[in-house]
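Peer 1: Sharing a sequence plus its predicted fold:
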Number of protein chains: 2
Amino acid sequence: MGKLVLIPRPTIERLPLYLRSLTLLDESGVEVVSSEELGRILGITSVQIRKDLAYFGEFGRRGVGYDVADLMQQITEILGVNRPNKFAIVGAGHLGQALARYEGFTEYGFMLAAIFDADPKKIGMEVAGQQVLSADYVTEVVKSLGIQIGVLTVPAPAAQPVADQLIKAGVRAIWNFAPTRIEAPIDIEVRQENLIVGLLALSYHLAQGK
Amino acid sequence: MGKLVLIPRPTIERLPLYLRSLTLLDESGVEVVSSEELGRILGITSVQIRKDLAYFGEFGRRGVGYDVADLMQQITEILGVNRPNKFAIVGAGHLGQALARYEGFTEYGFMLAAIFDADPKKIGMEVAGQQVLSADYVTEVVKSLGIQIGVLTVPAPAAQPVADQLIKAGVRAIWNFAPTRIEAPIDIEVRQENLIVGLLALSYHLAQGK
């Protein structure tokens, strides 16, 4: 593709759902799917689906539907998962280990290339087929393996120093689970994960008497 | 309050950020804050802040700002965190343990009231001050403790049966981390957490050459 496509975040967050359904349809030999059928599978309105997919150009044909293989290919390229993506996890505590073992990642070509911890008791332990490496080697290992995505599952005080090391080593995107904001140059994409939001959204609904 | 307020999800997801900043300002003795100041603290535009806070009525005064204590109180009530919220975790694997120990929850009055697992090796283990209970007792314990929020960190095949047990026991909201959708009656709020979305959003930005 190569062209720059600016897609709203809620749409981006639905793309994996589309991709998974399209993959299943493709494996079942389905070649064309309507927005209504996709909507039924996913529990999303067909209007929303047509609006989301309109960002990818006009490959829906009115009254016919979408070419399954073509749409799969387009979404795969847009999401950058048409090639393997290496990531590193810094912090081999419970959350780091849970993410290292999360099966949904490999399905999209995300490969855990390294996992680090500062705790000597964790170094050398095997997690998801990788030996936990000393956090002293973050810069060298990330650089030599060409890792572009860093996942931070360290305590808050370690987040910024580790982020700085990752950036120095060439990481271009950081997924931060530490409960603190991190600073990064404008060309580094940072995603701040705040787990409290999940409980607050539920609590809000309970408070509204839903 | 008691009145029904329908607030868009992105706004709800910013409320904890507002609440945290307001709490810090309040602790520092600040009584009034402008949307520009809040914006600088949070890295959000003042226009966005005024739009978000307009859902709570007109307590911003043009040219003056927001009453810190009043706004804190309003957001606290809207989010339903003006009282303790008990939650239960089913699944004491790495993710369940990471959530059980997550410090950000208690800050908002969320209390881990019980944690369950089906694995005899995990039952009896202590996690975040709670003994892991047998999953056989989910219904009884959740009912007797009056727990309203259930967190699912079980493997996919267990998700629906456990959700059914939780709902039968009186849970009104479910946060599902299992990589599968669950069915629930319309009056039960379900939040599906899909961790792959985080990596895909980063990968999308890398693919777009950001």
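Peer 2: Yes, it's here. Numbering: from 1, shown residues only, chains lettered A, B, ... in the order given.
Peer 1: any idea which helix is longest in chain A?
Peer 2: helix A:9-27 (DSSP state H).
Peer 1: Sketch out the low-pLDDT regions of chain A for me.
Peer 2: Chain A contains residues with pLDDT under 70 at A:1-6, A:57-63, A:210.
Peer 1: How is it partitioned into domains?
Peer 2: Taking automatic domain parsing as the reference, chain A has its domains at A:9-78, A:85-196.
Peer 1: if we can go back for a sec, other SSEs contacting the longest helix of chain A?
Peer 2: Helix A:9-27 sits against helix A:35-42, helix A:46-54, helix A:68-78, helix B:196-207, with contacts defined as 3 or more CB pairs under 8 Å, 6 or more residues apart in numbering or on different chains; DSSP states H and E. C-beta coordinates here come from the backbone N, C-alpha and C atoms, glycine included.
Peer 1: re the thing from before, and the domains of chain A: which comes nearest B:Ala173?
Peer 2: For these, the distance to B:Ala173 is smallest for domain A:85-196, at 14.5 Å, taking CB to CB.
Peer 1: quick one: contacts of whatever helix or strand A:Met111 lives in?
Peer 2: Element membership for A:Met111 (DSSP states H and E) is strand A:110-117. Strand A:110-117 has contacts (CB atoms under 8 Å, 6 or more residues apart in numbering or on different chains) with A:81, A:84-93, A:96, A:100, A:105, A:123, A:127-130, A:132-135, A:137-138, A:141-142, A:145, A:147, A:149, B:196, B:199, B:203.
Peer 1: hmm, try it at 6 Å
Peer 2: With contacts defined as CB atoms under 6 Å, 6 or more residues apart in numbering or on different chains, strand A:110-117 is touched by A:84-90, A:92, A:100, A:127-128, A:130, A:132-133, A:135, A:138, A:141, A:145, A:147, B:199.
Peer 1: same question, stretch A:123-141
Peer 2: Residues contacting stretch A:123-141 (CB under 6 Å, 6+ apart): A:92, A:97, A:100-101, A:112, A:114-118, A:122, A:165, A:168-169.
Peer 1: mind checking which helix or strand the most centrally placed residue in chain A is in?
Peer 2: In chain A, the residue lying closest to the centroid (CA atoms, centre = their mean) is A:Phe105, at 7.6 Å. Secondary structure assignment for A:Phe105, by DSSP H and E: helix A:104-107.
Peer 1: Which positions within that helix qualify as buried?
Peer 2: A:Gly104, A:Phe105 (16 or more other CB atoms under 10 Å in any protein chain shown).
Peer 1: Would you tell me whether the helix or strand where A:Lys86 lies gets close to chain B?
Peer 2: Using DSSP H and E, A:Lys86 falls within strand A:85-90. Yes - remark: strand A:85-90 sits within contact range of chain B at A:Asn85, by CB under 6 Å from any CB of the partner chain.
Peer 1: in its sheet, what does that strand sit against?
Peer 2: Strands that pair with strand A:85-90, judged by DSSP bridges, come out as strand A:110-117 (parallel), strand A:149-152 (parallel).
Peer 1: Deepest in the core, which of those is it.
Peer 2: strand A:149-152 (a mean of 28; mean count of other CB atoms under 10 Å in any protein chain shown).
Peer 1: Please tell me how far that strand is from the chain's geometric centre.
Peer 2: Mean C-alpha position of strand A:149-152 versus that of the full chain (CA atoms, centre = their mean, to the nearest Å) differs by 11 Å.
Peer 1: Around chain B, which positions in chain A sit nearby?
Peer 2: So chain A meets chain B at A:4, A:12-13, A:16, A:79-81, A:85, A:94-95, A:97-98, A:102, A:104, A:110, A:148-149, A:172-173, A:175, A:179, A:189, A:191, A:195-208, A:210 (CB under 6 Å from any CB).
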